[in-house]
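Participant: make a model of this:
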Amino acid sequence: MSIWKQNFSLDTLNQTSKNTLVEHLQIEYTDFDDQSITGRMPVCQLTHQPLGMLHGGASVVLAETLGSVAANFCVSEDHFCVGLDINANHVRAMRSGFVYGTAKPLHLGVSTQIWQIDIVDDKSRLVCTSRLTIAVKKNKRKQS
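Facilitator: Here you go, the predicted structure:
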């Protein structure tokens, strides 16, 4: 059974990145199924810290991007989701290539969601694991 309450495609997801930090870091959505969204990010000069390794903050950007976008497709169009808290454990250094993140829900509640985002290298070795807590808010209609 699918968790998604709105229809989307990879093209739709990738179009939402235009003129954002997501586009600047060259993050792209690569796959989704009934329970998760996956994306990738290059490990290069755009995402390195001064020692030439993947910056932990870049991993957090990938994690929050995947979790936040996924969260917003799990609610009806009269709601929206924003991040409340994120944590990350960085377990493997990366100097080049790509990292791949997959966001899966741990809790999909009425007012909060919790997402687990695991980031791996091309050999499926864990690079970072992150947990994102989301607030679910109701859209306020503009009154004329």
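
Participant: from now on I want contacts and neighbour counts done on CA atoms only, so please keep to that.
Facilitator: OK.

Participant: counting contacts, what elements does the longest helix belonging to the chain pack onto?
Facilitator: Assignment by DSSP state H gives helix 56-73 as the longest helix of the chain. Packing partners of helix 56-73 (3 or more Cα pairs under 8 Å, 6 or more residues apart in numbering; DSSP states H and E): helix 21-24, strand 37-43, strand 79-90, strand 97-108, strand 112-120, strand 126-138.

Participant: Ser76 sits in which helix or strand?
Facilitator: Remark: Ser76 resides in no helix or strand, with elements defined by DSSP states H and E.

Participant: and it, how far from Ile27?
Facilitator: 25 Å (Cα to Cα, to the nearest Å).

Participant: what about those two, which has more around it?
Facilitator: Relative neighbour count places Ile27 above the other of Ser76 and Ile27, with 22 against 12, counting by other Cα atoms under 10 Å.

Participant: just give me the neighbour total for the residue nearest to the more buried one when sequence neighbours are not counted.
Facilitator: In this structure, Ile27 finds its nearest non-sequential neighbour in Met41, 4.5 Å apart by Cα to Cα, 6 or more residues apart in numbering. Counted with other Cα under 10 Å, the neighbours of Met41 add up to 23.

Participant: quick one: Val60 from Ser130, how far?
Facilitator: Distance, Val60 to Ser130, by Cα to Cα: 7 Å.

Participant: host element of the nearest residue to Leu25 once chain neighbours are set aside?
Facilitator: Nearest non-adjacent residue to Leu25, counting by Cα to Cα, 6+ apart: Leu46, 6.2 Å away. Using DSSP H and E, Leu46 falls within no helix or strand.

Participant: okay, now Leu46: neighbour count?
Facilitator: 14.

Participant: find the nearest non-adjacent residue to Ala71, please.
Facilitator: Cys81 is the one closest to Ala71 (Cα to Cα, 6+ apart), at 6.2 Å.

Participant: which residues touch the closest residue to Ser76 other than its chain neighbours?
Facilitator: Excluding the flanking residues, the one nearest Ser76 by Cα to Cα, 6+ apart is Lys5, at 5.8 Å. If you count contacts by Cα atoms under 8 Å, 6 or more residues apart in numbering, Lys5 has them with 73-76.
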